[in-house]
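>>> below is the structure, and that's it, no one-letter string:
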């Protein structure tokens with residue numbers, strides 16, 4: 001299968017998350033096009049089998065290039081199986097144990113969906129823990 005992962009990033013964290021998702025999919029044997037929305041004004045690719053959109057909430061808003069891309073490409077995005085990853089770097093709980101649990105659940109959820117054998121590498125896992 002072929003997937004398109006299109007992302008917008010402000011400080012680079014969403015790019016890291018999108019690349020980690022791409023790594024997991026590729027380890028499962030599928031092809032991925034990783035696309036930064038702010039660097040591509042027009043693009044051409046074979047129709048993917050699915051699309052994953054990733055964007056950060058930054059100062060309570062999604063980046064303008066994300067809104068523009070989704071608006072412009074709504075027709076083909078709606079015609080494909082898709083997922084949306086909304087990234088925020090704040091965990092609202094004041095309890096450190098709850099914040100740690102949320103981080104671990106996010107990592108485990110990615111491993112469960114793609115199979116434990118396709119979980120993030122030790123280097124990627126360490127990067128995810130820092131998020």
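Cool, got the structure. Only a predicted model underlies this, so the values are computations on that prediction, with no experimental measurement involved.

>>> what bits of the protein have low per-residue confidence?
40-45, 89-93, 98-99, 101-131 (pLDDT under 70).

>>> in it, which spans are helices?
All helices of the chain, identified by DSSP state H, fall at 13-27, 64-72, 74-78, 96-114, 122-130.

>>> give the contact list for residue 83.
Contact partners of residue 83, counting by CB atoms under 8 Å, 6 or more residues apart in numbering, are 50-53. Backbone N, C-alpha and C define where each C-beta goes, glycine included.

>>> pull out the buried residues from these.
With neighbours counted using 16 or more other CB atoms under 10 Å, those contain these buried positions: 51-53.

>>> export the contacts of residue 83 as CSV, with columns for distance to residue 73.
Output for the contacts of residue 83, formatted as CSV (distance: CB to CB, whole Å):
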residue, distance to residue 73
50, 14
51, 9
52, 13
53, 10
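
>>> can you tell me which of those residues are in strands?
Per DSSP state E, strands hold the following members of these: 50-53.

>>> which of the residues you listed lies closest to residue 100?
residue 52 (25.9 Å; CB to CB).

>>> which residues does the closest one form a beta bridge with?
Under the criterion DSSP bridges, residue 52 forms beta bridges with residue 5, residue 83.

>>> any idea how far residue 35 is from residue 14?
12 Å (CB to CB, to the nearest Å).

>>> mind listing the shared neighbours of the two?
Counting by CB under 8 Å, 6+ apart, the residues touching both residue 35 and residue 14 are residue 7.

>>> on that earlier part again, which of the contacts of residue 83 sit farthest apart?
50 and 53 (10.9 Å).

>>> overlap of the contact sets of the two?
With CB under 8 Å, 6+ apart, residue 50 and residue 53 have common neighbours 82-83.

>>> nearest to residue 19, of the ones in strands among the contacts of residue 83?
residue 52 (11.8 Å).

>>> for residue 21, see how far away residue 27 is.
For residue 27, the distance to residue 21 - CB to CB - is 11 Å.

>>> so between these two, which is more surrounded?
Counted by other CB atoms under 10 Å, residue 27 and residue 21 do not tie: residue 21 has more neighbours, with 23 against 15.
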